[in-house]
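> below are the sequence and a predicted model; questions follow.
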Amino acid sequence: MCRVANPLRILELILDNKPSATYKGFDLYPLVYRIPPVASWPRTKPDRTFNASVVICREGGRPDGEDPTRVFRIESAPWENIGSARRGAIEFGQRVIDGLVPGESVSAL
């Protein structure tokens with residue numbers, strides 16, 4: 001497990017030692033966050049309760065602060081489950097690497 005530098009110290013993020021995907025010379029580490037459910041009545045099991053980000057670093061690099069790393073937050077509708085959020089994060093990371101996300105770039109890595 002690798003610890004990711006978190007300047008705000010809001011929470012400690014722990015990543016797997018191995019990336020979930022490698023794409024065009026970059027390693028991708030999806031981060032999935034549970035969203036607190038909206039209180040409603042009658043109480044139901046909430047769907048779409050996960051948001052995601054993706055950590056991108058050079059292939060073989062370490063995402064724990066020793067090597068250049070960047071976290072990209074995904075601004076989209078929440079996902080229904082962890083698996084779809086992870087897949088969405090990897091796809092978003094690939095789009096960032098391809099230069100298809102306006103205002104986002106991996107050139108500094």
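Great, that's in hand. Numbering: from 1, shown residues only.
> hey, let's count contacts and neighbours off CA atoms from now on
Noted.
> please verify my assumption that Asn51 contacts Arg87.
No - applying Cα atoms under 8 Å, one finds Asn51 not in contact with Arg87, separated by 11.6 Å.
> who has more neighbours out of these two?
Set side by side, Asn51 and Arg87 give different neighbour counts by other Cα atoms under 10 Å, the larger being at Asn51 (24 against 15).
> need the contact list for that one.
Residues counted as contacts of Asn51 (Cα atoms under 8 Å, 6 or more residues apart in numbering) are 32-35, 74, 77-79, 85.
> that one belongs to a strand?
Yes - assessed by DSSP: H, G, I helix; E, B strand; the rest coil, Asn51 belongs to a strand.
> how far away is it from Pro68?
24 Å (Cα to Cα, to the nearest Å).
> how about the helices of the chain, start to end?
Taking DSSP state H to define them, one finds helices in the chain at 82-97.
> so which residues make contact with stretch 18-34?
If you take Cα under 8 Å, 6+ apart as the criterion, stretch 18-34 is touched by 15-16, 49-61, 82, 85-86, 89-90, 93-94, 97.
> meant to ask about stretch 81-90
Residues contacting stretch 81-90 (Cα under 8 Å, 6+ apart): 20-21, 28-32, 47-54, 74, 78-79.
> now with 6 Å?
30, 53-54, 79 (Cα atoms under 6 Å, 6 or more residues apart in numbering).
> let's see that stretch as PDB, backbone CA atoms only.
Output of stretch 81-90 as PDB, limited to C-alpha atoms (Å, rounded to 0.1, in the frame of the first residue of the first chain):
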ATOM      1  CA  ASN A  81     -21.500   1.100  -7.400                       C
ATOM      2  CA  ILE A  82     -17.700   0.900  -6.700                       C
ATOM      3  CA  GLY A  83     -17.000  -1.100  -9.800                       C
ATOM      4  CA  SER A  84     -18.600   1.300 -12.200                       C
ATOM      5  CA  ALA A  85     -16.900   4.200 -10.400                       C
ATOM      6  CA  ARG A  86     -13.500   2.500 -10.800                       C
ATOM      7  CA  ARG A  87     -14.100   1.900 -14.500                       C
ATOM      8  CA  GLY A  88     -15.200   5.500 -14.900                       C
ATOM      9  CA  ALA A  89     -12.100   6.800 -13.200                       C
ATOM     10  CA  ILE A  90      -9.800   4.700 -15.400                       C
END
